[in-house]
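1. model the structure of this input:
(chains A and B)
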Amino acid sequence: MFAYYLDLALRSLKRNKVLTALMVLALALGIGASMTTLTLLRLLSGNPLPEKSSQLFYVQLDPYPKDHPFSRSDKLPWLLTYVDAMNLLHAHRAPRQAAVAMSRMKLTPTTTQKRPFFSDGVMTTADFFGMFEAPFQYGGGWSAADDETRAKVVVIAEALNNRLFGGANSVGRMLRINDQDFRIIGVLRHWSPQPHFYSLYLGGRNYGDGDAVFVPLTSARAAALDPINEFSYGDGNREVLETAPVIWLGFWAQLPDKSAASAYASFLTAYAQQQVELGRFQRPRSSLSTLMHWLDSQHVVPDNVRMQTGLAFSFLLICIVNTVGLLLAKCLRRSKEIGVRRALGASRPAIFAQFMVEAGLIGIAGGAFGLLFAEFGLWCIRRQPAEYASLAHLNLSMFACTFAVALIASLIAGILPAWRACVITPAPQLKSA
Amino acid sequence: MEIRPILASLRKHRIPALLIVLEIALACAVLCNAVFMIAQCLIGTHAANAIDEAGIAIIHVGGLDDQHAADSIARDLAALRSVPGVQAVAAINALPLSTDAMLNGFTPNPEQDSQINSSQYFISRGGEQALGLQLLQGRFFNAEEYAQGGFTTSHQSSSHVVIVNQADAQRWWPGQSPLGQQLYSSSDKTAWTVIGVVADVLAQDPEFSGPAGRYSSLFFPLHASADLNRYLLRSAPQDRDRVLQQAMQALGKLEPGAVLEPKTYLDMRADYFAGSRNMAWMLAMVCVVMLAVTALGIVGLTSFWVGQRRSQIGIRRAVGATYTHILHYFQTENFLLSTAGVALGVVLAFAINIYLMENYEVSRMPWYYLGAGAVSLWALGQLAVLWPALRAAAVPPVVATRAG
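-> Predicted coordinates for the structure are as follows:
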């Protein structure tokens, strides 16, 4: 039966080539636009560490004075001061913790006569690599003792290792950062979680290539490396960042289960209260959010991308309404044919099925062309200067999703015309013929 | 034109009529909001900026040795000044539309705080010529003020003078002369005296500082120091690229240990707005395609309609309706459908705008966008219906005699 409907549908589509082409094209444009933007949205709002994100928590405290303009918004400051980050770190209330800041680091190649260049650097503490599951190609990270002694050690990324050392095992070699020598102790395998959750508000990129250089926070500061972002909240000496009223560090804790998380949260509450009593804080506020909650609440996905997705789906809706109209026009024009089929014994469900098959065919064709449009759309996005540009690729699930959306859209568009077709009473149609 | 027979006929074809109305409504709603957003993007990208944009080139200098920065900068500026075609050179901390911003709050009243992120520009001697600032009142900094400009421990300017944007002067001292007024830092109440007012210069990162801070810029004098990490080169626009190239060669020899990143100001501006420009293009493309789809939908449905009513049209022609009567009939019908669609669409457009205002940084859409959207969909409907209507009008009266 299905084969027969397929044959009928093909004949009907062939009879009216221009109309068919119009329907397929409109649907394909709608599908192409919505799949392009949906692919981008899914990539950008993805989970950077799917296996571990539920164990990772972001810490916020409130050292701001009550009358600071920022305090009037109900938000908590994004980052921590050095003093608070170190207090939390040394309290050891979580199995793993790390303070993070970003820095533009000047690297001077020693092997060649090339000019120095800037690289994206991370200043952090020992647990960073284990906590965020950064994989090592050679060597390993540094220890908490290295943090304490300000050891001049550095971990570099694969891309930088390829650029400077041709991909060889460079552990033990020296790297010149800001005119000071650091010893390479580890080389990471390609590691670039999307989005770059740990660099939010620190001045790094949110998407795209991974960072190149990782240096112990204390050693980096000893080498006069400055964070990219500093937010000052009060008067006072700003020359020494470690004691200044400035927030500049992100702080992460790994907490294996719910009870550990609630214990840490109450530790934070007690800490904030204690700081109020000491006169360092004015308000005992603190917050502990999971990684995904932190990313969501900070709107990491650019507004533009979300608005474009909304726009593309409105456009798809218009295309569907358009297809409904054209299919309906076609089916009503075939009233006589339907009358004949009904008179010869075709049941209403049979007529309905026939028209749905026709709609489905349009959907599949629309999906195929839509895929081409989506590939074209993503190609256009890859050529944009946005930092997420290189990520825009169609993966297998989105590929399947395209056909599913196209088929569903066309079937929805087909329901009304098919229903109108099957309720046609055969007698008057035969009479007028 | 009699409307009642049209309404009666539409009542018999409720579903196709409703579909046309719905399509026009959706298209109108999306069109109004998309055009409004395009306009917002373009307002941003075309924001005025009272510096010599076409003549300026910048070299970002990174990683100068802090201890010797003052000497290096003086030496570098002297070398840059000798490049043929250079009209002025200076060092500056950041430029309008650069992403590394140095923001602070300022207030004319020490009792108050500021809610606005103002951009702080620190310029070395000659910075006003190198930028091409347009002085409206007062004077620029003198040599002594440049020599004394430095930083306090809380990273504020230690000079006692400031030059402000015209927009700020009007906001802070409406109806008064800004010259000689005191301006205070919102954080530690350091005070500066206003000595000059310049035409509005854009903020350092307007997307971060927000619409209120877009034209809030302050200028402070600074003697050569490591905080001034950009060299400004001003030349005639036709010399600019060559000057930048020669300047890079000269600097490359003088500063072998520094990272040098050259850029013309126009490129810098284009890069900053690349995202907005792409968004505007994408919106415009979707609008065009959407209108085309809508128009084709109207053509398709109306042609079908005409085909279905050939015999009726024939009868009407036979009993005396003229060519024009039939043409106007379909045009009026489309006008009625468009009107219903546009009415629904305007309500929908308004609702979408309210949703966007609540969830994104979108402002209220002025009413004329709705008006323009409505008019363009009316026009689109009339354009789309023309071909099917002409075909209908061409139906000869003799058809009436043939129909069963």
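2. close to chain A: what parts of the stretch 201-350 of chain B are there?
-> B:252, B:256-260, B:271, B:274-275, B:278-279, B:282-283, B:286, B:289-290, B:293-294, B:296-297, B:300-301, B:303-305, B:307-308 (Cβ under 8 Å from any Cβ of the partner chain). No exception for glycine: its C-beta is placed from N, CA and C like everyone else's.
3. please pick the buried ones from the residues you listed.
-> Listed as buried from those are B:258-260, B:275, B:278-279, B:282-283, B:286, B:289-290, B:293-294, B:296-297, B:300-301, B:303-305; burial here means 16 or more other Cβ atoms under 10 Å in any protein chain shown.
4. among those residues, which are located in helices?
-> Secondary structure from DSSP state H places B:275, B:278-279, B:282-283, B:286, B:289-290, B:293-294, B:296-297, B:300-301, B:303-305 of those in helices.
5. name the helices or strands packed onto the longest helix along chain B?
-> Longest helix of chain B, by residue count under DSSP H: helix B:323-359. For helix B:323-359, the elements it packs on are helix B:4-12, helix B:14-45, helix B:274-308, helix B:310-318, helix B:367-393, judged by 3 or more Cβ pairs under 8 Å, 6 or more residues apart in numbering or on different chains; DSSP states H and E.
6. of those, which stretch is the most buried?
-> For the helices and strands packed on helix B:323-359, the largest average neighbour count (mean count of other Cβ atoms under 10 Å in any protein chain shown) is found in helix B:14-45, namely a mean of 22.
7. reformat the helices and strands packed on helix B:323-359 as TSV; add distance to residue A:165.
-> Output for these, formatted as TSV (distance: least, Cβ to Cβ, whole Å):
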stretch	distance to residue A:165
helix B:4-12	77
helix B:14-45	43
helix B:274-308	34
helix B:310-318	81
helix B:367-393	58
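8. the stretch 1-150 of chain A: helices as residue ranges?
-> Secondary structure of the stretch 1-150 of chain A (DSSP state H, counting those that start in this stretch): helices located at A:2-15, A:17-44, A:69-72, A:82-91, A:128-131, A:144-149.
9. show me where chain A has strands.
-> Under the criterion DSSP state E, chain A contains strands at A:56-61, A:96-108, A:117-124, A:136-139, A:153-156, A:174-177, A:180-188, A:213-216, A:231-232, A:246-247, A:250-254, A:286-290.
10. for chain B, which of the ones you listed is the nearest?
-> strand A:96-108 (3.5 Å; Cβ to the nearest Cβ).
11. what about the closest one and chain B, touching?
-> Yes - using Cβ under 8 Å from any Cβ, we find that strand A:96-108 touches chain B at A:104, A:106, A:108.
12. most neighbours among the residues you listed, which one?
-> Counting neighbours by other Cβ atoms under 10 Å in any protein chain shown, residue A:106 comes out on top of the residues of strand A:96-108 next to chain B with 21 neighbours.
13. dump the residue contacts of the nearest residue to that one once chain neighbours are set aside.
-> Computed as Cβ to Cβ, 6 or more residues apart in numbering or on different chains, the closest residue to residue A:106 that is not its neighbour in sequence is residue B:63, at 3.5 Å. When contacts are counted by Cβ atoms under 8 Å, 6 or more residues apart in numbering or on different chains, residue B:63 touches A:106, A:116, A:118, A:178-179, B:257-259.
14. next one: residue B:59 relative to residue A:139, how far apart?
-> Separation of residue B:59 from residue A:139 (Cβ to Cβ, to the nearest Å): 37 Å.
15. can I have the host helix or strand of residue B:162 written out in PDB, keeping just the CAs?
-> For residue B:162, the element it lies in under DSSP states H and E is strand B:161-165. Taking Å, rounded to 0.1, in the frame of the first residue of the first chain, the C-alpha atoms of strand B:161-165 are listed here in PDB:
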ATOM      1  CA  VAL B 161      43.500  68.500  35.800                       C
ATOM      2  CA  VAL B 162      41.100  66.700  33.400                       C
ATOM      3  CA  ILE B 163      39.600  67.200  30.000                       C
ATOM      4  CA  VAL B 164      36.000  65.900  29.600                       C
ATOM      5  CA  ASN B 165      33.600  65.000  26.800                       C
END
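16. partners of that strand, with directions?
-> Next to strand B:161-165 in the sheet, as set by DSSP bridges, lie strand B:191-198 (parallel), strand B:217-221 (antiparallel).
17. now do the contacts for the spatially closest residue to residue B:51 that is not a sequence neighbour.
-> Nearest residue to residue B:51, sequence neighbours excluded (Cβ to Cβ, 6+ apart): residue B:131, at 4.7 Å. If you count contacts by Cβ under 8 Å, 6+ apart, residue B:131 has them with B:51-52, B:56, B:90, B:92, B:123, B:201, B:232, B:234.
18. let's see 10 Å
-> When contacts are counted by Cβ atoms under 10 Å, 6 or more residues apart in numbering or on different chains, residue B:131 touches B:50-53, B:55-56, B:88, B:90, B:92, B:95-96, B:121, B:123, B:198, B:201, B:219, B:232, B:234, B:265.
19. what about the residues you listed, which are in strands?
-> Among the contacts of residue B:131, the members found in strands (DSSP E) are B:56, B:88, B:90, B:92, B:121, B:123, B:198, B:219, B:232, B:234.
20. take those and write them to TSV, including distance to residue A:42 and pLDDT.
-> Below are the ones in strands among the contacts of residue B:131 laid out as TSV (distance: Cβ to Cβ, whole Å; pLDDT from 0 to 100):
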residue	distance to residue A:42	pLDDT
B:56	41	93
B:88	50	92
B:90	47	92
B:92	42	92
B:121	41	93
B:123	46	92
B:198	47	94
B:219	46	94
B:232	43	92
B:234	47	93
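21. in a helix, residue B:119, correct?
-> No - Residue B:119: not assigned to a helix; according to DSSP: H, G, I helix; E, B strand; the rest coil it is strand.
22. burial count for it?
-> Residue B:119, neighbours per other Cβ under 10 Å, totals 28.
23. against residue B:217, how distant is it?
-> Distance from residue B:119 to residue B:217, by Cβ to Cβ: 5 Å.
24. stretch B:25-42 and chain A in contact?
-> Yes - judged by Cβ under 10 Å from any Cβ of the partner chain, stretch B:25-42 and chain A are in contact via B:25-27, B:29-30, B:33-34, B:37, B:41.
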